[in-house]
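1. please find the sequence and the predicted model below.
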Amino acid sequence: MTADRIEKLAASLRTSGLDAVILNPGPTLTYLTGLRFHLMERPVVLVLTPGRPPALILPELEMEKLRDQPFTPFPYGENPDDWHTAFTGAIQSLRLNGKRIGVEPSHLRLLEFRYVRDAAPEAEYPDASSALAALRMRKDPSEVQKMKRAVQIAQSALEAAIPLIKVGMTEKELAAELVVQLLRNGSEPEMPFSPIVSAGPNSANPHASPSDRKIKRGDLLVVDWGATHDGYVSDLTRTFAVGDVDDECQKIHKIVQEANAAGRAAAKPGVPCAAVDKAARSVIVAAGYGAFFTHRTGHGIGMEVHEDPYIRGDNTELLEPGMAFTVEPGIYLPNRNGARVEDNVVITGGGADELSDMPREMRIIG
């Protein structure tokens, strides 16, 4: 457990008027404790209360993970009828019934919540997302180094996969090759997401799933992929031309490349997130393709592939050193082709450090 992170959380809870926070397995629990648990049918819940040792409710079979750890464990056996006893013991020991217990709605399952609620029926359960996001949003140098390595792994993997791309192979086949290369180049098996490989009309869908469609000459090929290193992730996109592509395909890729550069240039400390979105989006709007840029310009990245801060037009939050996020403008022409260029950046004291540097110009393959 990192003491300074726990102390920062305690201060954040006090400011938010929360008496405790409960977490189940996920990035925030790992961030605070260094422990990793799988979500499964056996519930695991960490209860953090300022000024008291953390309580951890967990299966007996997981107790070995707590060796030399400063937790108060509340283990339970295999009979589900007895699990409530561990929850009641933890909640009562911390005197949390009737208190304000913060939750993380995007991660807390109904399974765990019901056990806690039954143990503290008179408690309130407000959303603690803001307090937790503020804790994780500003990356320290060690976190940035892990993200840089995740980017390096991802870039090396795609470079190794590019020579394998052939006209006639399916999107699924290329996605499989890319996964193999990600593992060979050092990614952890639990990747941030399944690679998006979409060609031709499918590339006009920003979140397309690889299909059995064969890659054809004249396609734009969008590859959106990432790697995981020591719990931190990368998220990149590059767009390729499969052989010769028509003039409009070349045009929209050039516009997207320019929009990506404008977004990266706008990223500085003290600048609103909305300004980065505006910088990238204005390039696409000025070129007459504003209606075909259908999503925000970026999202925070770290232990999760989508986290705060979000780079969208209505977000007035100011960028601060340590904040890391994507810049990923795109143009999507329905039933035709799409293009996206995505990079990862982190705000520094004087600007932004670009974690990714793979060539952004349109490369011809196949």
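-> Sure thing, it's come through.

2. Val256 and Asp343 touch, don't they?
-> No. The criterion here is CB atoms under 8 Å, and Val256 misses it with Asp343 at 11.8 Å. (Glycine included, C-beta is placed from N, CA and C.)

3. neighbour count winner among those two?
-> Each of Val256 and Asp343 has its neighbours counted (other CB atoms under 10 Å); Val256 has more, 29 against 25.

4. so what's Gly26 up against?
-> Contacts for Gly26 (CB atoms under 8 Å, 6 or more residues apart in numbering) come out as Leu39, Glu104, His107.

5. which of these sits closest to Lys251?
-> His107 (42.0 Å; CB to CB).

6. isn't there a strand covering that closest one?
-> No. Read with DSSP: H, G, I helix; E, B strand; the rest coil, His107 is coil and lies in no strand.

7. give me the number of residues near it?
-> His107: 18 surrounding residues under other CB under 10 Å.

8. please state the backbone phi and psi of it?
-> When read as degrees, to the nearest 10, the backbone of His107 gives phi -130, psi -30.

9. so what's the residue found closest to it once you drop the neighbours it is linked to in the chain scoring on pLDDT?
-> Closest residue to His107 apart from its sequence neighbours, by CB to CB, 6 or more residues apart in numbering: Gly26 at 4.4 Å. Predicted confidence (pLDDT) for Gly26: 94.

10. just want the phi and psi numbers for Gly26.
-> phi 170, psi -180.

11. please apply the same query to Gly330.
-> phi -150, psi 160.

12. the closest residue to Asn315 other than its chain neighbours: what's it in contact with?
-> The spatially closest residue to Asn315, leaving aside those adjacent along the chain, is Cys273, at 4.0 Å (CB to CB, 6+ apart). Residues near Cys273 by CB under 8 Å, 6+ apart: Pro309, Tyr310, Ile311, Arg312, Asn315, Thr316, Glu317, Leu318, Leu319.

13. let's go with 6 Å and repeat that
-> Pro309, Ile311, Asn315, Glu317 (CB atoms under 6 Å, 6 or more residues apart in numbering).

14. would you reformat these as JSON lines and include distance to Tyr332, secondary structure and pLDDT?
-> Converted to JSON lines, these look like this (distance: CB to CB, whole Å; DSSP: H, G, I helix; E, B strand; the rest coil; pLDDT from 0 to 100):
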{"residue": "Pro309", "distance to Tyr332": "24", "secondary structure": "strand", "pLDDT": "97"}
{"residue": "Ile311", "distance to Tyr332": "18", "secondary structure": "strand", "pLDDT": "98"}
{"residue": "Asn315", "distance to Tyr332": "22", "secondary structure": "coil", "pLDDT": "98"}
{"residue": "Glu317", "distance to Tyr332": "27", "secondary structure": "coil", "pLDDT": "97"}
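
15. noted, bye for now.
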